[in-house]
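Engineer: My questions are about this predicted structure, shown below with the sequence.
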Amino acid sequence: MKIKKENAKYKSWLKKHIEKKFLKEIKKRRKRKRRKIYALSKKNNKYRKGTSNNTLKLNHQAYAPVDFSIIGNPIETIDFFNNLLYKIRNSKDGIYLALHMAEINNLTIDSVMYLLAVLYNTRLNKPQALEFKVNYPKNIEIRSLLQESGFEKFVNTRTRTTINRKRKNIEIQSGNTIKQEVVKDICDFVNNSFNTSTKYTKFLYNMIIELMTNTVQHAYEDKAFMVNQWYLFVENQGGKIKFIFLDTGSGIPETITRKFLIDILKKDSDYIKSALLGEFRTKTKLTYRGKGLPKVYNYFDDNTIQNLAIVSGKGFCVLDKKVDDIQCKFNGTLFYWELDKKYINEEYFDYDKISNF
């Protein structure tokens with residue numbers, strides 16, 4: 001008996017089948033890339049990992065902006081990263097980087113996450129050694145935020161970071177696959193912070209899974225310096241919980257299919273807003289793709305999430321406040337949103353938990 005193409009079971013099977021094909025192709029490409037890097041590192045013995053400071057001369061100095069924030073200070077911060085990436089990509093020798101952060105007086109973790117992404121991709125793409133030193137911020141509060149973000153675990157060890165519930169924040173998490181256990185822990189963290197039931201965070205679970213899925217399914221550009229990886233940080237500020245999600249793959253404007261001249265002439269910020277409204281199909285050409293961003297916008301529109309901001313390409317969108325292009329290009333996509341306890345419906349609160357608190 002033949003299955004009709006209109007049949008719901010067939011559509012479900014087709015969706016899973018295409019996802020599997022994508023994942024297999026991504027794994028193959030990553031394996032090929034690792035083989036190339038391994039071959040080059042073997043050939044170039046004097047630049048193997050573990051080269052000491054004695055053999056590498058300080059050849060790059062980077063001074064972080066005083067306001068080190070992609071969302072708060074996009075032009076200066078993105079320009080800093082683009083200059084740093086240019087120096088690294090064009091360096092023929094081993095890279096010994098001095099990162100000066102002492103004068104920072106405002107820090108948001110979006111810039112820390114992107115810095116980690118730059119370092120990760122440098123190690124992945126360059127067969128030469130990478131060493132760097134950091135001058136920590138003089139401001140005690142900013143230094144504490146940097147350390148509590150989990151930054152040191154990424155730069156000092158190769159072990160994966162784990163969620164530490166003893167702290168008020170969830171340390172930076174990262175990956176190139178969908179990690180349901182991470183999302184579940186984040187939902188538990190939110191419910192414990194707000195005294196809400198698991199029913200409340202169902203939307204949050206679906207939203208973060210969708211963002212992770214976008215990162216995985218758009219991993220089809222083999223030549224890009226920044227490989228597809230997601231980073232996620234959650235900060236608890238009492239009545240508010242702030243989320244930062246970074247996707248280092250192709251940005252939203254680059255993944256949209258442009259059919260007409262009027263589309264080609266649009267600004268990157270217009271593409272982002274159009275993608276949120278579901279007006280474009282992505283270059284994967286899959287019928288079920290491109291639905292994640294409209295869902296995110298719906299959560300913002302009905303006030304389930306607040307203060308949604310997206311940076312991708314030259315597009316800088318703080319929804320309902322500022323939607324425009326900026327001078328410099330951001331490689332990847334950055335999402336920021338908040339959950340505010342005062343907007344939560346009464347039905348979601350766990351009163352047994354509150355009474356026992």
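Structural biologist: Everything's here; your move. Computed from a predicted structure; not experimentally measured. Numbers count the residues shown, from 1 in each chain.
Engineer: The lengthiest strand in the chain: which residues count as buried?
Structural biologist: Across the chain, the longest stretch assigned as strand under DSSP state E is strand 322-340. Residues of strand 322-340 classed as buried: 323, 325-326, 328-339 (neighbour count, 16 or more other CB atoms under 10 Å). Backbone N, C-alpha and C define where each C-beta goes, glycine included.
Engineer: That strand - which strands sit beside it in the sheet, and in what orientation?
Structural biologist: When pairing is defined by DSSP bridges, strand 322-340 lines up against strand 240-247 (antiparallel), strand 306-318 (antiparallel).
Engineer: so where is the protein shaky, pLDDT-wise?
Structural biologist: By pLDDT under 70, the weakly predicted segments of the chain are 1-6, 30-59, 126-130, 156-167, 217-225, 257-265, 280-291, 351-357.
Engineer: what do you get if the cut-off is 50, keeping everything else the same?
Structural biologist: 1, 40-56, 157-161, 165, 219-220, 260-261, 284-289, 356-357 (pLDDT under 50).
Engineer: how much space between the one residue sitting closest to the centre of the chain and residue 153?
Structural biologist: Most central in the chain under CA atoms, centre = their mean is residue 246, positioned 1.3 Å from the mean C-alpha point. Taking CB to CB, to the nearest Å as the criterion, residue 246 is separated from residue 153 by 17 Å.
Engineer: can you check residue 124 too?
Structural biologist: 18 Å.
Engineer: and stretch 318-328, how far from the chain's centre?
Structural biologist: Relative to its chain's centre, stretch 318-328 lies at 19 Å (CA atoms, centre = their mean, to the nearest Å).
Engineer: typed the wrong thing, it's stretch 302-316
Structural biologist: The answer for stretch 302-316 is 13 Å, by CA atoms, centre = their mean.
Engineer: And stretch 300-320, by the same measure?
Structural biologist: Worked out by CA atoms, centre = their mean, stretch 300-320 lies 15 Å from the chain centre.
Engineer: Next, the buried residues of it.
Structural biologist: Neighbour counts over stretch 300-320 (16+ other CB under 10 Å) mark 300, 304-319 as buried.
Engineer: can you check stretch 16-24 too?
Structural biologist: 18, 22.
Engineer: Would you mind writing the CA trace of that stretch as CSV?
Structural biologist: Extracted C-alpha coordinates of stretch 16-24, given in CSV (Å, rounded to 0.1, in the frame of the first residue of the first chain):
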residue,chain,number,x,y,z
LYS,A,16,12.8,13.0,10.3
HIS,A,17,14.4,11.5,7.2
ILE,A,18,15.7,14.9,6.0
GLU,A,19,16.9,15.8,9.4
LYS,A,20,18.9,12.6,9.6
LYS,A,21,20.5,13.3,6.2
PHE,A,22,21.5,16.8,7.3
LEU,A,23,23.1,15.5,10.5
LYS,A,24,25.0,12.8,8.6
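Engineer: can you pull out the strands in this structure?
Structural biologist: 60-63, 67-68, 95-100, 106-107, 130-135, 169-175, 230-236, 240-247, 306-318, 322-340.
Engineer: Please produce CSV containing the ones you listed, extended by distance to residue 201.
Structural biologist: Output for the strands of the chain, formatted as CSV (distance: least, CB to CB, whole Å):
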stretch, distance to residue 201
strand 60-63, 38
strand 67-68, 31
strand 95-100, 36
strand 106-107, 28
strand 130-135, 35
strand 169-175, 13
strand 230-236, 12
strand 240-247, 11
strand 306-318, 15
strand 322-340, 9
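Engineer: how about these, which one is nearest residue 142?
Structural biologist: Smallest distance to residue 142 across the strands of the chain (CB to CB): 4.8 Å, for strand 106-107.
Engineer: Show me what the closest one is packed up against.
Structural biologist: strand 67-68, helix 140-148 (3 or more CB pairs under 8 Å, 6 or more residues apart in numbering; DSSP states H and E).
Engineer: List the contacts of stretch 101-109.
Structural biologist: Contacts with stretch 101-109, where a contact means CB atoms under 8 Å, 6 or more residues apart in numbering, come from 63-73, 134-139, 142, 145-146, 149, 172, 233, 235, 244.
Engineer: ok, residue 121 touching residue 226?
Structural biologist: Yes. Taking CB atoms under 8 Å as the definition, residue 121 is a contact partner of residue 226 at 5.1 Å.
Engineer: What about residue 268, how many residues nearby?
Structural biologist: As a burial measure, residue 268 scores 24 neighbours (other CB atoms under 10 Å).
Engineer: I'd guessed it sits against residue 312; true?
Structural biologist: Yes. With contact defined as CB under 8 Å, residue 268 and residue 312 form a contacting pair (6.9 Å).
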